[in-house]
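Asks: Just to be clear, the model below is a prediction. Sequence and coordinates:
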Amino acid sequence: MSRKLLLTAVAALGLVFSQGAWSQNIKIAVLGPMAFVQGENHWAGAEMARDEINKAGGISVGGVKRQIELVKVDTNEIQSVPDATNAIERAITRDKADFLVGGFRSEAVLAMQEVAMDSKKLFLGAGAADAKLCENVTKDYERYKYWFRVTPTKSADLARTIFAVLGAVGAQIRTDLKKETPKVAILGEKAAWTEALVKAAQDNLPKMKMEVVGTWQPSPIATDVTAELSAIKRSGADIVFTIVSGPMGIVLGRQMGELQLPAVAFGINVEAQKDGFWQATAGKGNYVATLDTFSEVETTPKTIPFVKAFKERFKKTPTYNAATYDAIHILQTAIEQTGTIDANKLIPVIEKMEAVGAAGIDTWDKSHDLIWAVGKTSGIAVQWQDGQKVAFWPPQTKGMKPFKMPKH
Amino acid sequence: MFQDILISGLVNSGVYALLALGFSLIFGVARIVNIAHTAFYMLAAFALYGLLVVAGMPLLLAIPLAVVAVVALSLVCYKLVIEPVRQHESAVLIATIALALIFQESLLVAFGGSFRGIPNAVEGVVSILGVRVSYQRLIVLAVVAVTLVATWYLLNRTRLGLAIRAAANDQEIANLMGINVSRVAMYTVGISVALAAIAGVVVAPVFVVDPLMWLAPLVTMLAIVVLGGLGSLKGSVIGAFIIGYVEAITVFAVPSGSYLKGAVALSIMIVVLLLRPEGLFGVVFEEER
């Protein structure tokens, strides 16, 4: 009897102790499509932040150091939005996550945002660009105030960055090719997120003294654009303005190289942001340029150390989803400043914060959206040059290299 | 522009023809609606990627090995999954959908969701009628042509081809004539999947390899076989060329509507079906009964 009692007491103590130790940790759920490169980067960025903070003793909450515990949440959001909402629900109810970071596909993040707001959980987005995510905060602050966007800037600001870079590329063409009015072919996948950008390009490029020679809009899942590129070649375009997120980005780079198209591709090409682009294009994606977030340039004092450490650890360059690293550091700053993990007390602190992260220097407007500024939240532009992804814009950032034109 | 349409349409039509022919063959002989057909095409592309890029095997060894491995897998799947339910068409349909999803998810686990590229067999471009065409695309065309001729020869000039055609015509009579219809069905599965696998390995260097690459050609292939007439081999090849060229014409004629190429092709299929419900070369349903 006494032995039984002793065992019960030990078990009970063990349970209390383990729960006590467990509850000391701050649980952060990292949400992303973990079988895909976006989710891999969400997780890798979060791991970098966790290890860095835990190695230094953890986050100081009212003088008590607490370790970070990450929960890997595979949202499978690229394939299924319901999977994403189930995953976030599980992270909140079963895994008892204190905070949420990540998300990628706008439709899925909008759905996950609702679940997070129902539970009043602070959700720092690191992937979705849809403006509606932050418009919700303006419309119903009390419900949606728990949402903040860390990366990327919203679609409209993305356009501001693109046209700023396009202006620089156009200027180089005028100088190098002695063409006063560079010709631009718009190649955008037919999707909701590209509509405004295509329209803006058609309206703005003539004002920027560039001639739009045509607009081609293949399906987002197209895997062959030879027909489009043949037509673009006949149009005599100097720039192929790309707005693509799917596999077409790879095929485009590869086929432009194969067909020796005398034009440079610049715009948004999500696949060209990844290290695997060069391999996927079988080494033919030379001169393809795209907006990006991370490179070994001094966007902030934290950028180069982060990118170097990331590359050393994961053998690849981070994509913008790895800004979960910044998201966790933002949480750390707010928690240490307030001495609590109470979301309602953290929100006013984040709202007033100027967060110097690895991806940029973040400040937020009333809708909890990033305030756009060149060199701060605008991101950078990169170009593939002989197998290396080289950053070339904004030129004032330390470490930028020249943009190169294909041989005509 | 005419030359552009001629050349771009030819390559795509050829690949579609290989896929549709294999699908039609297995439907005609064994009445199997194999939704996993393009999943085998995807598996072949991944097998080539694994052998050539990951394992570093020589191309000339990797290609036949990839095709043989996929055909062997298809025969195992046929024996274990399809044959036990072959008499129930809806069960076969569901089983093949399940197979395709298993392949997709397995590749997702093994390789992740990234897009992958395979180097060309031969580098360089050639100008045909003023249109630049890569040597790899010419290889695709040549392989498609040879494969189509070889399939025609197999079906029309060999004893196995005779048995396949007999089984396709009337399974019961073929059985009474001493043809082992079950075995013929298995051989047909092998031939049909070999056609898909050949398509997979030749286009892998031209397109991108990813675990969802089986979905887009599946819809087009189904449209082609319905357009050409279910089970009609001639119809599949002609249907493939019609759809391939309609897609090419759409891109050149309506650049800003190039995403509509699939929709235009499917609309043509619907128009043909309204005029000829059995498809261009299909058997009239009443006769079939």
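Replies: Thanks, I have the structure now.
Asks: what about the helices in the stretch 1-150 of chain B?
Replies: Along the stretch 1-150 of chain B, the segments classed as helices by DSSP state H, counting those that start in this stretch run B:2-30, B:37-48, B:59-77, B:89-111, B:135-157.
Asks: Dump those to a markdown table, plus distance to A:Arg149 and mean pLDDT.
Replies: The way it works is simple: take the backbone N, C-alpha and C, and place the C-beta from them, glycine included. Shown next, in a markdown table, are the helices of the stretch 1-150 of chain B (distance: least, Cβ to Cβ, whole Å; pLDDT from 0 to 100):
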| stretch | distance to A:Arg149 | mean pLDDT |
| --- | --- | --- |
| helix B:2-30 | 41 | 86 |
| helix B:37-48 | 36 | 96 |
| helix B:59-77 | 44 | 96 |
| helix B:89-111 | 28 | 93 |
| helix B:135-157 | 43 | 91 |
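Asks: Make TSV from these and add distance to chain A and mean neighbour count to it.
Replies: Output for the helices of the stretch 1-150 of chain B, formatted as TSV (distance: least, Cβ to the nearest Cβ, whole Å; neighbours: other Cβ atoms under 10 Å in any protein chain shown):
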stretch	distance to chain A	mean neighbour count
helix B:2-30	4	24
helix B:37-48	11	28
helix B:59-77	13	18
helix B:89-111	5	16
helix B:135-157	8	16
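Asks: Dump those helices to a markdown table, plus distance to A:Gly379.
Replies: Listed next are these as a markdown table, based on distance: least, Cβ to Cβ, whole Å:
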| stretch | distance to A:Gly379 |
| --- | --- |
| helix B:2-30 | 35 |
| helix B:37-48 | 33 |
| helix B:59-77 | 40 |
| helix B:89-111 | 29 |
| helix B:135-157 | 35 |
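Asks: The ones you listed: which one's closest to A:Arg174?
Replies: helix B:2-30 (29.6 Å; Cβ to Cβ).
Asks: ok, so what distance separates the residue sitting furthest away from the middle of chain B from B:Ala167?
Replies: Here chain B reaches farthest from its C-alpha mean at B:Leu176, the gap being 31.3 Å by Cα atoms, centre = their mean. The gap separating B:Leu176 from B:Ala167 is 12 Å, by Cβ to Cβ, to the nearest Å.
Asks: same thing with B:Val143?
Replies: According to Cβ to Cβ, B:Val143 and B:Ala167 sit 27 Å apart.
Asks: What of A:Glu189?
Replies: From A:Glu189 to B:Ala167 the distance is 45 Å (Cβ to Cβ).
Asks: Could you do B:Ala45 as well?
Replies: 30 Å.
Asks: So what touches stretch A:399-408?
Replies: A:168-169, A:172-173, A:176-177, A:261-264, A:286-287, A:289, A:295-298, A:304, A:383, A:385, A:390-394 (Cβ atoms under 8 Å, 6 or more residues apart in numbering or on different chains).
Asks: buried stuff in stretch A:197-205?
Replies: Within stretch A:197-205, the residues scored as buried using 16 or more other Cβ atoms under 10 Å in any protein chain shown are A:197-198, A:200-201, A:204-205.
Asks: Among these, which are located in helices?
Replies: Among those, the members found in helices (DSSP state H) are A:197-198, A:200-201, A:204-205.
Asks: Kindly indicate whether A:Ala97 is helix, strand or coil.
Replies: Here A:Ala97 is coil, with the state taken from DSSP: H, G, I helix; E, B strand; the rest coil.
Asks: A:Thr290 now?
Replies: Assignment for A:Thr290 (three-state DSSP): strand.
Asks: That one contacts A:Val240, correct?
Replies: No - if you go by Cβ atoms under 8 Å, A:Thr290 and A:Val240 don't touch, sitting 11.8 Å apart.
Asks: so what's in contact with these two at the same time?
Replies: Common neighbours of A:Thr290 and A:Val240 (Cβ under 8 Å, 6+ apart) are A:266-267.
Asks: what pLDDT does whatever residue of the stretch 1-150 of chain A ends up closest to chain B get?
Replies: Residue of the stretch 1-150 of chain A nearest chain B, by Cβ to the nearest Cβ: A:Phe36 (3.6 Å). Confidence at A:Phe36, expressed as pLDDT, is 88.
Asks: Give the burial count for it, as a bare number.
Replies: A:Phe36 sits with 23 neighbouring residues when counted by other Cβ atoms under 10 Å in any protein chain shown.
Asks: if I read this right, it contacts A:Ile78, doesn't it?
Replies: Yes - under the criterion of Cβ under 8 Å, A:Phe36 makes contact with A:Ile78 at 5.6 Å.
Asks: so what sits against both of the two?
Replies: B:Gly113.
Asks: Distance of the residue nearest to A:Phe306 when sequence neighbours are not counted relative to chain B?
Replies: Spatial nearest neighbour of A:Phe306, excluding adjacent residues (Cβ to Cβ, 6 or more residues apart in numbering or on different chains): A:Ala358 at 3.7 Å. Taking Cβ to the nearest Cβ, to the nearest Å as the measure, A:Ala358 falls 23 Å from chain B.
Asks: From A:Ala327, how far out is A:Ala358?
Replies: Computed as Cβ to Cβ, the A:Ala358 to A:Ala327 distance reads 11 Å.
Asks: Which of the two has more residues huddled nearby?
Replies: Using other Cβ under 10 Å, the more surrounded residue of A:Ala358 and A:Ala327 is A:Ala327, with 32 against 26.
Asks: How about the contacts made by that one?
Replies: A:46, A:49, A:101-102, A:124, A:126, A:150.
Asks: on that earlier part again, contact partners for the residue of the stretch 1-150 of chain A closest to chain B?
Replies: Counting by Cβ under 8 Å, 6+ apart, A:Phe36 has contacts A:78, B:112-114.
Asks: on contacts alone, who are the packing partners of the helix or strand encompassing B:Val272?
Replies: Assessed by DSSP states H and E, B:Val272 sits inside helix B:261-275. Applying 3 or more Cβ pairs under 8 Å, 6 or more residues apart in numbering or on different chains; DSSP states H and E, one finds that helix B:261-275 contacts helix B:215-228, helix B:233-253.
Asks: quick one: the first one near chain A?
Replies: Yes - judged by Cβ under 8 Å from any Cβ of the partner chain, helix B:215-228 comes into contact with chain A at B:215-216.
Asks: Need the contact partners of that helix.
Replies: So helix B:215-228 is in contact with A:221, A:223, B:15-16, B:19-20, B:23-24, B:27, B:35, B:37-38, B:41, B:234-240, B:242-243, B:262, B:265-266, B:268-269, B:272-273, B:279-282, going by Cβ under 8 Å, 6+ apart.
Asks: ok, B:Asn169 to B:Gly28 distance?
Replies: Using Cβ to Cβ, one obtains 9 Å as the distance from B:Asn169 to B:Gly28.
Asks: cool, and B:Val203?
Replies: From B:Val203 to B:Gly28 the distance is 24 Å (Cβ to Cβ).
Asks: could you pull out the helices for the stretch 301-408 of chain A?
Replies: Here the stretch 301-408 of chain A has its helices, by DSSP H, counting those that start in this stretch, at A:303-314, A:324-338, A:343-352.
Asks: could you give the angle of the longest one to helix A:303-314?
Replies: So that's helix A:324-338. Inter-element angle recorded for helix A:324-338 and helix A:303-314: 120 degrees (by axes from the mean of the first three to the mean of the last three Cα atoms, to 10 degrees).
Asks: What distance do you get for A:Ala381 to chain B?
Replies: Where chain B is concerned, A:Ala381 sits at a distance of 22 Å (Cβ to the nearest Cβ).
Asks: A:Lys376 now?
Replies: Counting by Cβ to the nearest Cβ, the gap between A:Lys376 and chain B amounts to 30 Å.
Asks: Report the central residue of chain A.
Replies: A:Tyr320 (3.0 Å).
Asks: Run a quick neighbour tally on the closest residue in space to that one that isn't next to it in sequence.
Replies: Excluding the flanking residues, the one nearest A:Tyr320 by Cβ to Cβ, 6+ apart is A:Thr293, at 3.8 Å. Number of residues near A:Thr293 (other Cβ under 10 Å) recorded here: 25.
Asks: what do you get for the one 3 residues further on?
Replies: A count of neighbours around A:Glu296, defined by other Cβ under 10 Å, yields 17.
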